[in-house]
Structure formats: C-alpha cells, structure tokens
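Engineer: next come a sequence and a model predicted from it.
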Amino acid sequence: MMKKLIAGNWKMNGSRTQARALIADIVNNLSQEEAIVEKADILVCPPALYISDVRHALRGYPKIKIGAQDCSSEENGAHTGDLSAQMLEDSECAYVILGHSERRQNHGETNVIVAQKVARALKADLIPIVCIGETQEERDAGRAQEIVLSQLQGSLPDLESFHEVVIAYEPVWAIGTGKTASPQDAQEMHTLIRENLKDLVPKPEKTRILYGGSMKPENAKEILACKNIDGGLIGGASLKADQFLSIARAA
Ligand code: PGA
C-alpha cells in the first residue's frame, strides 16, 4: 500500500508570527509521536512569504516537507508578482499545489494553464499536486464525473517518463463549507480517477490521489480508510496543529 500523504494548505491565512508558532507546534507534537511520520508523509504549504520561516523551523526536522500553493506557467522573466517553479525548488519546496479551485475561479486558470504549470513544476523537480473537482451545480446536473475527468485529462501535460505527480480530488462544494463528500461518493470518484490515470501517467498505481474538502478529525478516519484514497489536502483544519495531527494520526 502507498504511504499516505497528509498535506496542509494554509492558503492566505495568518501572520508571520502565527506561521512560526504553527510550525513549531506541529514539530513539537510530531517529535513526540514519531509513529505518525513513519506511517504518513506530512506536508505543509504555507503562504509563499513564510516558506523561509517554515524552512528554518524545519532545519532540525526534515521529516516534514514544504510545498507552495502555486507557481508560474513561465520559466522566468517579466512576470511581475509571479514565482517560478525553480525559485520554489531553490527555497527547498518539494511540492506545489496547482490548479486549486480557488485559483481556477479567482484567477481564471484553465486546464491548459494548469498543465503548463505542472510541466514547469516537474522540470524544476517539484512534485505537483494537481487539483480537480466539480461544483455543486455540476454535481446537481449529474455531470460530476464528466467534469472531473475532463479536468484530469486537460490538467496533465504529456508524461512520457515516470515523474511523481499527486492528484487531489476536491469537490468545490465541499471546500471550506463543512460539507464533505460521503466516503462512498469519494471512493467512487477516486476509483474512476485511478482507472483513467492509466492513459495519462506512466505508473498510475504509484500516483497518490488525495481527497480534499472539509476534512477534519471527525471524518478523516472513514475517508482515509477508503480504497484509492491515498491522503488528504486539508485547508481549515491544517491551521490548528492538534486538528492537523489528529487527521495525520487517522492515516
Ligand atoms: P478545507 O479546504 O479543508 O478548508 O475545506 C481544502 C482545500 O481547499 O484544499
């Protein structure tokens, strides 16, 4: 079985002081409960400006990985305000979240742009976490599977050789709303994603598929026990060390 990945997406929350306190809290707790890091990979994705603070806090504790929340689709140059995949790698990020629904909605990111970003991330030796998921309207119209598959196919570049890629299924209606997909619905979608990965990546069985959307200590165990659910992408509950770690414990 694949080692599960528990990823915290801090989004645009907190201050530098709070970021430092949160990572210190996570490290303190994890170093007293090593079993968690043995059983699951732990990742935190702070706001880009606080990556260096988190990196310093993790100097003596490299078991926790750092990720960014986005990168540019361009390599470098005149792109004011953007960060390149190479810069993130240079700042010791191992992962980058790409195509999150908040970026698709608020920044007009299309599948084509997301696929370009994924290609940039891979070139810079980052592991992309590619987010896909349907809206409530799409689900109500019975189009959830069709939308998720078209995002999956459109958001991945041609991958001829094996590169680690992570997929995150995040139904948009479950993000930050307190509503979660039922374990049955989530498992069904994850299984569909796994089947379709066969045509898209060289080693589909090695591709982790995370669930995201109002994951919390109360529902984590049931969701993470499902077949084809290889971890979680956690927003709100990743901002509290005890909640984040109790989800990791469930993995
Ligand atoms: P949430 O966010 O856990 O707050 O619902 C998940 C995400 O957007 O990655």
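Structural biologist: The structure has been received and is ready for your questions.

Engineer: who in the stretch 51-200 of the chain is up against the ligand?
Structural biologist: 170, 175-176 (C-beta under 6 Å from any ligand atom). (Glycine included, C-beta is placed from N, CA and C.)

Engineer: PyMOL command for the buried members of those?
Structural biologist: Command for PyMOL that selects the buried part of these, burial taken from 16 or more other C-beta atoms under 10 Å:
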select buried, resi 170+175
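
Engineer: looking at the residues of the stretch 51-200 of the chain next to the ligand, which are in helices?
Structural biologist: When these are checked against helices using DSSP state H, none is located there.

Engineer: tell me which of the residues of the stretch 51-200 of the chain next to the ligand fall in strands.
Structural biologist: The subset of those located in strands under the criterion DSSP state E is empty.

Engineer: just send the residues of the stretch 51-200 of the chain next to the ligand back as CSV, with pLDDT too.
Structural biologist: Below are those laid out as CSV (pLDDT from 0 to 100):
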residue, pLDDT
Glu170, 98
Ile175, 95
Gly176, 93
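
Engineer: and Ile229, that one's in a strand?
Structural biologist: No: applying DSSP: H, G, I helix; E, B strand; the rest coil, one finds Ile229 to be coil, outside a strand.

Engineer: which residues are in contact with the residue in the stretch 101-250 of the chain that the ligand sits nearest to?
Structural biologist: Nearest residue of the stretch 101-250 of the chain to the ligand: Gly235, at 2.3 Å (C-beta to the nearest ligand atom). Each residue near Gly235 by C-beta atoms under 8 Å, 6 or more residues apart in numbering is listed here: 9, 11, 175-176, 212.

Engineer: Ser238 now?
Structural biologist: So Ser238 contacts 7-10, 44, 244 (C-beta under 8 Å, 6+ apart).

Engineer: where does Asn28 land in three-state SS?
Structural biologist: helix.

Engineer: what about it, how many residues close to it?
Structural biologist: For Asn28, the neighbour count with other C-beta atoms under 10 Å is 11.

Engineer: give me the pLDDT for it.
Structural biologist: Per-residue confidence (pLDDT) for Asn28: 95.

Engineer: the nearest residue to Met12 once chain neighbours are set aside and the ligand, how far apart?
Structural biologist: Excluding its sequence neighbours, the residue lying closest to Met12 (C-beta to C-beta, 6 or more residues apart in numbering) is Pro47, at 5.9 Å. Look at Pro47 and the ligand: by C-beta to the nearest ligand atom, to the nearest Å, they are 14 Å apart.

Engineer: ok, Pro47 touching Gly67?
Structural biologist: No: under the criterion of C-beta atoms under 8 Å, Pro47 is not in contact with Gly67, lying 11.6 Å apart.

Engineer: follow-up on the earlier one: just flag the most distant two among the contacts of Gly235.
Structural biologist: Lys11 and Gly212 (11.7 Å; C-beta to C-beta).

Engineer: picking that back up, restricted to strands, list the contacts of Ser238.
Structural biologist: Using DSSP E, these in strands are 7-9, 44.

Engineer: which of the residues you listed sits closest to Ser15?
Structural biologist: For the ones in strands among the contacts of Ser238, the nearest to Ser15 is Val44 (15.8 Å; C-beta to C-beta).

Engineer: what is the neighbour count of that closest one?
Structural biologist: Applying other C-beta under 10 Å, I find that Val44 has 25 neighbouring residues.
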